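K.L.:
Fold the following, please.
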Amino acid sequence: MAARVGIPSSLFYYVHFPMWQAFFTELGVEVVTSGQTTKGLLDQGVREALADACVPVKLFFGHVISLKDSVDYLFIPRIVCLNRKTIYCPKFLGLPDMIRFGLTGMPPIIDVQMDSREGFTSLWKSYLKIGKMFGLGKGRIFKAYIKAYIVARRFQSLMKSGLHPPEAMAVLSGREKAITPAQEKSDLTFAVLGYPYEVHDPFISVGLVKKLQKIGIRVITIENLSPRKIARANILAKNMFWTFSDLVLNATYHLFKEGSVDGIIHLTAFGCGPDSMVDKLMEISSRDYPDIPFMSVTIDEHTGDAGISTRLEAFVDMVKRKKEAMKNPCPR
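P.N.:
Sure, this is the predicted structure:
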C-alpha cells in the first residue's frame, strides 16, 4: 500500500501544491489534502495556535489537525528562500517546529529545508532528500522532480493567462476544461493584492474575489502579473526582507505606474507584522496616484460577511462615480 502524505490546504498550498502533488504522485506516494477551509477548521486552529499568531497561521493549525489521523506523513517543508534574494516570514520558517511541539499525536513531519541561496542545485538536493525518505533511487527521484517542474511551469502559465490559483489548479486536475478568465469583458478592473493564502482562501477572505466578480468587476491578482515587471517596479533603496511582502509592494508600484486598473484593494490579516509596514507604504504611494482609488481590508477570525460586502459595494460605487465624473467634468 502506498504511503500517504498530507499537505494542508493553506499557506504555500496556493503557490506550490501542483508541483508538490506531481512530485509525490510520480514517486508513487498518495497525496491527501485537508480540503477547503471551514469554520470548524478555523475554530480548531484558534484553540491550538498561539493567541498572537496571525489568522493564516491559526488556520494552518486547523488544517493540520484535520489531516493527522488520515496520513502517514505531513509535508511541511521549511521554505526559507526560493529567489536567492528575499526570505519568507519567520513564522513560515518555524512552522514545522510549531506543529511538532504545539500539537500532540502528529505523524512524522517531512520538514526538509529549501533555500536557493545555498547554491544552484540546492532545491534539487532538497527534493532528492525527500525522495530518499521513501527509499527510492536517484533516477526515479530526478524523473519526478522534472515532472513536477514542468507542472509548475504550466501552473504559472495558466495564471499569467488570467486565471487565479484555484482555477488553474482545477484546469490542471482536469476538473475544468475552459481556460477563459472570469469577467474578461468587465468595464472595471480591480487589483486585489495580498498574500495568496489570504486572497484565494474563500473562507478567510470572505469570498472577496468572487463578490467583486459577481457585481461585474474583473479581478487581477499578483499571480496574473509578470514577475519581471513586478521586480523592476521597486522604488525603495532595497528589497523588502520578506518574499510575499516584497511582491505585494512592488506589484502596487507597478500597477499605480502602469495605470491599467481602476482600483486597488489590499487584503491584509490583523496581527501580521510585515503587513503593518507594507500597508502603510501602499497607502503613501496611493497619494501620488489619486486617479486610482486604494482601499485596505483587514481580516481576522471574526471577520463578518456583511461588513466586507458593504465596504466593497461602497468602494465600487465610489470608483464608478469617479470615472463618470472624469468623463463628464462639470463646466466652470
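
K.L.:
so Thr189 is in which element?
P.N.:
strand 188-193 (DSSP states H and E).

K.L.:
same deal with Glu324?
P.N.:
For Glu324, the host element (DSSP H and E) is helix 305-327.

K.L.:
Next one: the residue nearest the centre of the chain from Phe256, what distance?
P.N.:
Nearest residue to the geometric centre of the chain (Cα atoms, centre = their mean): Pro196, 1.6 Å. Per Cβ to Cβ, to the nearest Å, Pro196 is found 21 Å from Phe256. For every residue, glycine as well, the C-beta is placed using N, CA and C.

K.L.:
ok so, going back, pretty sure the residue nearest to the centre of the chain sits against Phe17.
P.N.:
No: the pair Pro196 / Phe17 is not scored as a contact, 10.7 Å apart, by Cβ atoms under 8 Å.

K.L.:
picking up where we left off before, once you drop chain neighbours, what's closest to the residue nearest to the centre of the chain?
P.N.:
Tyr14 (4.0 Å; Cβ to Cβ, 6 or more residues apart in numbering).

K.L.:
mind giving me the domain split of the chain?
P.N.:
4-160, 183-327 (automatic domain parsing).

K.L.:
and those domains, which one is worst for confidence?
P.N.:
Ranked by mean pLDDT, the domains of the chain end with domain 183-327 at the bottom, a mean of 88.

K.L.:
still on that earlier bit, check the burial of the residue nearest to Pro196 by counting its neighbours.
P.N.:
21 (other Cβ atoms under 10 Å).

K.L.:
In contact with it, which residues?
P.N.:
Pro165, Pro166, Pro196, Tyr197, His200, Asp201 (Cβ atoms under 8 Å, 6 or more residues apart in numbering).

K.L.:
What is the nearest of those residues to Arg228?
P.N.:
Pro196 (18.9 Å; Cβ to Cβ).

K.L.:
Which parts of the stretch 151-300 of the chain are strands?
P.N.:
Taking DSSP state E, counting those that start in this stretch as the test, the strands found in the stretch 151-300 of the chain are 188-193, 217-220, 263-269, 294-299.

K.L.:
In JSON lines: those, plus distance to Leu50 and mean neighbour count.
P.N.:
As requested, these are exported to JSON lines (distance: least, Cβ to Cβ, whole Å; neighbours: other Cβ atoms under 10 Å):
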{"stretch": "strand 188-193", "distance to Leu50": "27", "mean neighbour count": "23"}
{"stretch": "strand 217-220", "distance to Leu50": "33", "mean neighbour count": "22"}
{"stretch": "strand 263-269", "distance to Leu50": "14", "mean neighbour count": "23"}
{"stretch": "strand 294-299", "distance to Leu50": "18", "mean neighbour count": "19"}
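
K.L.:
Reformat those as a markdown table; add distance to Gln44.
P.N.:
Formatted as a markdown table, the strands of the stretch 151-300 of the chain follow (distance: least, Cβ to Cβ, whole Å):
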| stretch | distance to Gln44 |
| --- | --- |
| strand 188-193 | 27 |
| strand 217-220 | 30 |
| strand 263-269 | 18 |
| strand 294-299 | 18 |
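
K.L.:
Figure out which of those strands is closest to Thr38.
P.N.:
Among the strands of the stretch 151-300 of the chain, if distance is taken as Cβ to Cβ, the winner is strand 294-299, at 16.0 Å.

K.L.:
tilt between the closest one and strand 188-193?
P.N.:
With axes from the mean of the first three to the mean of the last three Cα atoms, to 10 degrees applied, the angle from strand 294-299 to strand 188-193 works out at 50 degrees.

K.L.:
For strand 294-299, which strands pair with it and how are they oriented?
P.N.:
strand 263-269 (parallel) (DSSP bridges).

K.L.:
Contacts made by the partner strand with the rest, please.
P.N.:
Residues contacting strand 263-269 (Cβ under 8 Å, 6+ apart): 54-56, 188, 190-195, 198-199, 204-205, 208, 248, 252, 255-256, 275, 278-279, 282, 286, 292-300, 315-316, 319.

K.L.:
Try it again at 7 Å.
P.N.:
With contacts defined as Cβ atoms under 7 Å, 6 or more residues apart in numbering, strand 263-269 is touched by 54-56, 190-194, 198-199, 205, 208, 252, 255, 275, 279, 282, 292-300, 315, 319.

K.L.:
just the strands in the stretch 1-150 of the chain please.
P.N.:
Under DSSP E, counting those that start in this stretch, the stretch 1-150 of the chain gives strands at 4-7, 30-33, 73-75, 78-81, 109-110, 113-115.

K.L.:
show me where the protein has helices.
P.N.:
13-26, 39-48, 55-67, 90-93, 95-102, 122-132, 138-160, 165-173, 196-199, 208-214, 227-232, 243-258, 273-286, 305-327 (DSSP state H).
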